[in-house]
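Asks: return atomic coordinates for the entry below.
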Amino acid sequence: LVMRVAAANRAAEAEAGIVPGLPLTDARARLLDLRAVPAEGGADMEALAALGDWCGRWTPWVTLDAAGPDAVLGASHGLWLDITGCAHLFGGEMALLNDIALRLARFGFAARAALADTPGAAWAVAHHGAMRHVGAQQGEIAKHMCVVAPGKICAALAKLPLKGLRLAPVEAEGLERLGFRAIGDLYGIPRGALARRFGEGVMHRLDQALGREDEPLSPRRPVVPH
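Replies: Got it, this is the predicted structure:
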């Protein structure tokens, strides 16, 4: 049984290149004073759910983006917030995003977030895009936030890696073997050619990200007051 790193803090990543998936023995060899604790996938899920309920202050439409309590190894755990019709209550989209960033920072969370026209585009940019500062009246937003301007999804996603489309590993690896490296490489490819080789999954994810196909999000049920 090989024990692997499920998550690492910024110091371990910066000083020794310790990343999720690395064998623990290799991690200890790179950083002699490494402190390791057992991963707790169930507790992570509970914390994420509690954070999702707390995010109801901005919108009632909050969805968990989680791989499950057992998928802690490099799993993508996050939240989707549909702020349609809510942003004006907080002074606009940038002010809302700024408020989210500042509150999470006060809680000690290291978060990456993106605002876009579609859930798929926001996910791709948040996970793989180049973050930048977004100015706001109430202070400077956290570094790891980004806003994709309306109608600019194609340009924002073009240079991002294929895994930004949330493809299955076999799909991403197959596309890379054919020479595709970025999401933009798929823009001009005939649908039939990809469907014959990979099924409809690749184009389905691309269409969702670009807004050609809806991706409904099911919100968490509100917490019942007792």
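
Asks: flag the shaky bits of this protein, pLDDT-wise.
Replies: Across the chain, the stretches falling below the confidence threshold (pLDDT under 70) are 67-76, 131-143, 222-223.

Asks: can you pull out the strands in it?
Replies: Secondary structure of the chain by DSSP state E: the strands cover 62-65, 78-81, 113-115, 135-136, 139-140, 145-147.

Asks: what's the closest of those strands to residue 210?
Replies: Ranking those by proximity to residue 210 (C-beta to C-beta) places strand 113-115 first, at 15.0 Å. From N, CA and C alone the C-beta is placed, and that goes for glycine too.

Asks: quick one: strands adjacent to the closest one?
Replies: For strand 113-115, the paired strands and their directions (DSSP bridges) are strand 145-147 (parallel).

Asks: mind listing what the nearest residue to residue 121 once chain neighbours are set aside touches?
Replies: Distance criterion C-beta to C-beta, 6 or more residues apart in numbering; nearest residue to residue 121, sequence neighbours excluded, is residue 153 at 4.7 Å. With contacts taken as C-beta atoms under 8 Å, 6 or more residues apart in numbering, residue 153 has the following neighbours: 116-118, 121, 209-211.

Asks: just checking, residue 79 touches residue 47?
Replies: No: contact status for residue 79 versus residue 47: not in contact, 11.5 Å apart, counting by C-beta atoms under 8 Å.

Asks: those two: who's more crowded?
Replies: More neighbours surround residue 79 than the other of residue 79 and residue 47, with 19 against 13 (other C-beta atoms under 10 Å).

Asks: with adjacent residues omitted, what lies nearest to the more buried one?
Replies: Once its chain neighbours are removed from consideration, residue 79 has its nearest residue in residue 52; the separation is 5.4 Å (C-beta to C-beta, 6+ apart).

Asks: also residue 160?
Replies: In space, not counting the residues next to it along the chain, residue 160 is nearest to residue 128; the distance is 4.8 Å by C-beta to C-beta, 6+ apart.

Asks: hmm, the one you found is touching residue 166, no?
Replies: No: using C-beta under 8 Å, residue 128 makes no contact with residue 166, being 10.8 Å away.

Asks: check the burial of the residue nearest to residue 5 when sequence neighbours are not counted by counting its neighbours.
Replies: Take residue 5 and drop its neighbours on the chain: the residue closest to it by C-beta to C-beta, 6+ apart is residue 22, 4.7 Å away. Look at residue 22: counted by other C-beta under 10 Å, it has 17 neighbours.

Asks: how about residue 22, phi and psi?
Replies: Geometry field for residue 22 lists phi and psi as phi -70, psi 130, criterion degrees, to the nearest 10.

Asks: so it sits against residue 4, correct?
Replies: Yes: in this structure, residue 22 is within contact of residue 4 by C-beta under 8 Å, at 6.5 Å.

Asks: follow-up on the earlier one: now render the strands of the chain as CSV, adding distance to residue 36.
Replies: Converted to CSV, these look like this (distance: least, C-beta to C-beta, whole Å):
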stretch, distance to residue 36
strand 62-65, 26
strand 78-81, 24
strand 113-115, 28
strand 135-136, 38
strand 139-140, 34
strand 145-147, 30
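
Asks: between the ones you listed, which one is closest to residue 42.
Replies: strand 62-65 (13.9 Å).

Asks: counting neighbours, which bits of the closest one end up buried?
Replies: The neighbour-count check on strand 62-65 (16 or more other C-beta atoms under 10 Å) flags 62-65 as buried.
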